[in-house]
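> all I have is the shape, not the residue letters:
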């Protein structure tokens with residue numbers, strides 16, 4: 001299966017040319033397995049690690065099977081988040097460039113009236129989020145009776161976000177003999193149940209559990225006290241100086257403080273909030289992709305499904321909530337065979353979590369230390385001085401300033417400092 005080539009697939013010639021323009025010559029494992037099955041019209045349930053080219057695996061068959069001369073909606077792609085949906089739109093527009101295929105983005109948070117107007121043009125391909133797609137079906141603005149293919153990308157995340165009811169509704173609205181393509185990094189029982197409920201004799205594409213994270217990703221952990229994590233991140237970013245990196249923070253309420261302190265240290269940083277206004281998120285992602293800043297702070301929800309080409313590093317300021325979250329975090333780097341590094345900042349009491357991830361994901365997470373401008377293996381104790389170096393105050397703060405900040409934090413005076421205007425207003429309304 002891995003010896004297949006894109007030339008051997010029965011996809012449109014213009015699609016092959018677009019692949020060549022991006023120097024994509026050999027299909028990944030999931031592409032080699034899914035594309036022929038999808039071209040035959042089979043239902044497909046595919047599990048593959050992030051960064052293996054799942055988008056191409058379903059886009060090429062979908063674009064090949066669309067009849068250009070029929071001005072009806074023939075395919076619908078469902079994505080869990082607005083950001084992922086727009087990424088898919090960009091990819092679909094690239095591969096359909098020069099053709100007569102019309103594409104419409106139907107996502108929540110955007111102007112409903114404008115989307116209704118788009119549907120009046122009878123786009124052959126609709127890409128959107130489950131809730132908004134359902135809303136437009138119920139309004140009878142999105143006609144499903146001609147839809148031949150429905151794709152659900154990141155199906156596990158769709159269900160985690162409470163999209164099971166919307167997804168079932170979308171399935172019921174289409175013809176019984178429509179094709180279903182489900183793609184996901186994980187296959188929990190909820191996803192299997194959804195597939196069993198709607199799919200007909202699907203082609204199951206799976207990978208071994210130990211391969212859920214690409215071998216090209218190096219996993220590192222640095223142990224430090226919680227209060228030292230921001231300074232540790234600053235030092236590591238200065239040491240490696242990656243072109244770009246995503247920094248994962250578990251609680252969105254803490255992002256503003258991290259951004260403020262990292263900016264104070266003269267690092268180029270911006271934040272991506274999951275519940276920020278749509279246009280603000282779009283602008284932040286656009287500027288990050290264009291290289292206007294080095295670090296993007298985000299929660300798991302906000303960064304789910306992001307595809308940043310050649311992203312060399314991801315940092316976890318706090319440990320992922322579970323192994324599945326770790327898969328998605330690490331999968332933002334090391335994509336399509338490229339090298340990547342997943343760096344975890346862990347307090348001493350959090351070390352057991354990394355051991356748990358090692359067992360569940362069958363990976364090796366190497367412990368490292370930062371000392372005297374060098375990164376060393378934590379097991380090489382002989383390289384460390386016998387006496388502890390003098391303690392240092394957090395960067396950018398005097399001792400008195402640190403005590404003052406501590407008092408402000410306890411009194412709640414500094415809670416909203418540095419937060420964006422929309423977040424401050426939201427907190428005032430609570």
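Structure received. Bear in mind the structure is a predicted one, so any value in this text is a computation, not a measurement.

> switch to C-alpha atoms for all contacts and neighbour counts from now on
Noted.

> where does the closest residue to residue 52 other than its chain neighbours land in three-state SS?
Nearest non-adjacent residue to residue 52, counting by CA to CA, 6 or more residues apart in numbering: residue 336, 5.2 Å away. On the three-state scheme (DSSP: H, G, I helix; E, B strand; the rest coil), residue 336 is labelled helix.

> wait, doesn't residue 336 sit right on residue 54?
No - in this structure residue 336 lies outside contact range of residue 54 using CA atoms under 8 Å: 10.2 Å.

> would you map out the domains in this protein?
As assigned by automatic domain parsing, the chain contains the domains 6-207, 211-429.

> can I get these in a markdown table including mean neighbour count and mean pLDDT?
Shown next, in a markdown table, are the domains of the chain (neighbours: other CA atoms under 10 Å; pLDDT from 0 to 100):
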| stretch | mean neighbour count | mean pLDDT |
| --- | --- | --- |
| domain 6-207 | 19 | 92 |
| domain 211-429 | 17 | 79 |
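
> could I get the phi/psi values of the closest residue to residue 350 other than its chain neighbours?
Leaving aside its sequence neighbours, residue 350 sits nearest to residue 319 (CA to CA, 6+ apart; 7.6 Å). Main-chain torsions, residue 319, degrees, to the nearest 10: phi -60, psi 150.

> if we can go back for a sec, show me what contacts the residue nearest to residue 52?
28, 51, 52, 53 (CA atoms under 8 Å, 6 or more residues apart in numbering).

> what segments of the stretch 201-350 of the chain are helices?
229-240, 255-264, 278-289, 300-303, 323-330 (DSSP state H, counting those that start in this stretch).

> can I get the ones you listed in a markdown table including distance to residue 351?
Formatted as a markdown table, the helices of the stretch 201-350 of the chain follow (distance: least, CA to CA, whole Å):
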| stretch | distance to residue 351 |
| --- | --- |
| helix 229-240 | 14 |
| helix 255-264 | 22 |
| helix 278-289 | 31 |
| helix 300-303 | 20 |
| helix 323-330 | 14 |
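
> ranges for the strands of the stretch 1-150 of the chain?
Here the stretch 1-150 of the chain has its strands, by DSSP state E, counting those that start in this stretch, at 44-47, 75-78, 103-106, 125-128, 149-153.

> distance to residue 293 added to these, as a markdown table?
A markdown table is the format used below for these (distance: least, CA to CA, whole Å):
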| stretch | distance to residue 293 |
| --- | --- |
| strand 44-47 | 33 |
| strand 75-78 | 30 |
| strand 103-106 | 27 |
| strand 125-128 | 28 |
| strand 149-153 | 29 |
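
> of all those strands, which one comes closest to residue 116?
strand 103-106 (9.0 Å; CA to CA).

> can you give me how far the closest one is from the chain middle?
Relative to the chain's own centre, strand 103-106 is displaced by 20 Å; criterion: CA atoms, centre = their mean, to the nearest Å.

> follow-up on the earlier one: of the helices of the stretch 201-350 of the chain, which approaches residue 71 most closely?
helix 278-289 (29.7 Å).

> just flag the most distant two among the contacts of residue 336.
The two members of those with the most space between them (CA to CA) are 28 and 51, at 10.0 Å.

> might you report the residue contacts of residue 91?
Per CA under 8 Å, 6+ apart, neighbours of residue 91: none.

> for residue 63, see how far away it is.
To residue 63, residue 91 is 11 Å away according to CA to CA, to the nearest Å.

> quick one: the strands in the stretch 301-430 of the chain?
Going by DSSP E, counting those that start in this stretch, the stretch 301-430 of the chain shows strands at 313-316, 340-346, 365-371, 374-377.

> and those: which comes nearest residue 13?
strand 340-346 (32.8 Å).

> and the closest one, what does it pack against?
Under the contact criterion of 3 or more CA pairs under 8 Å, 6 or more residues apart in numbering; DSSP states H and E, strand 340-346 touches strand 217-223, strand 313-316.

> so which elements touch the last one?
It refers to strand 313-316. Against strand 313-316 (3+ CA pairs under 8 Å, 6+ apart) you get strand 245-248, strand 340-346.

> okay, those in JSON lines with distance to residue 129 next?
Formatted as JSON lines, the helices and strands packed on strand 313-316 follow (distance: least, CA to CA, whole Å):
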{"stretch": "strand 245-248", "distance to residue 129": "23"}
{"stretch": "strand 340-346", "distance to residue 129": "29"}
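
> mind checking which of these is nearest residue 79?
Here strand 245-248 is closest among those (CA to CA), at 21.2 Å.

> and the closest one, what does it pack against?
When contacts are defined as 3+ CA pairs under 8 Å, 6+ apart, strand 245-248 packs onto strand 295-298, strand 313-316.

> try it again with 10 Å
helix 255-264, strand 269-272, strand 295-298, helix 300-303, strand 313-316, helix 323-330, strand 340-346 (3 or more CA pairs under 10 Å, 6 or more residues apart in numbering; DSSP states H and E).

> still on that earlier bit, dump the helices and strands packed on strand 340-346 to CSV, plus distance to residue 156.
Formatted as CSV, those follow (distance: least, CA to CA, whole Å):
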stretch, distance to residue 156
strand 217-223, 23
strand 313-316, 22
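
> to residue 332, which of these lies closest?
strand 313-316 (7.1 Å).

> what lies in contact with the closest one?
217-221, 233, 236-237, 240-250, 295-299, 326, 329-334, 339-346 (CA atoms under 10 Å, 6 or more residues apart in numbering).

> quick one on the thing from earlier: between residue 28 and residue 51, what contacts are shared?
By CA under 10 Å, 6+ apart, the residues touching both residue 28 and residue 51 are 336, 337.

> thinking again about what came up before, how about the strands of the stretch 1-150 of the chain, which one is nearest residue 360?
Between residue 360 and the strands of the stretch 1-150 of the chain, the tightest spacing by CA to CA is seen for strand 44-47, at 16.9 Å.

> isn't residue 129 up against residue 88?
No - if you go by CA atoms under 10 Å, residue 129 and residue 88 don't touch, sitting 11.4 Å apart.

> need the residues touching each of the two.
Common neighbours of residue 129 and residue 88 (CA under 10 Å, 6+ apart) are 77, 78, 79, 82, 105.

> what residues are up against the third one?
Applying CA under 10 Å, 6+ apart to residue 79 gives the contacts 85-88, 107, 127-130, 151-155, 157-158, 305.

> hmm, try it at 7 Å
Contacts were defined as CA atoms under 7 Å, 6 or more residues apart in numbering; by that measure residue 79 touches 85, 128, 129, 152, 153, 154, 158.

> contacts for the helix or strand hosting the last one, please.
Element membership for residue 158 (DSSP states H and E) is helix 155-160. For helix 155-160, contacts defined as CA under 7 Å, 6+ apart pick out 79, 80, 182, 183, 184, 186, 187, 191.

> repeat that for stretch 220-237.
Residues contacting stretch 220-237 (CA under 7 Å, 6+ apart): 258, 262, 317, 342-348, 365-369, 394-395.
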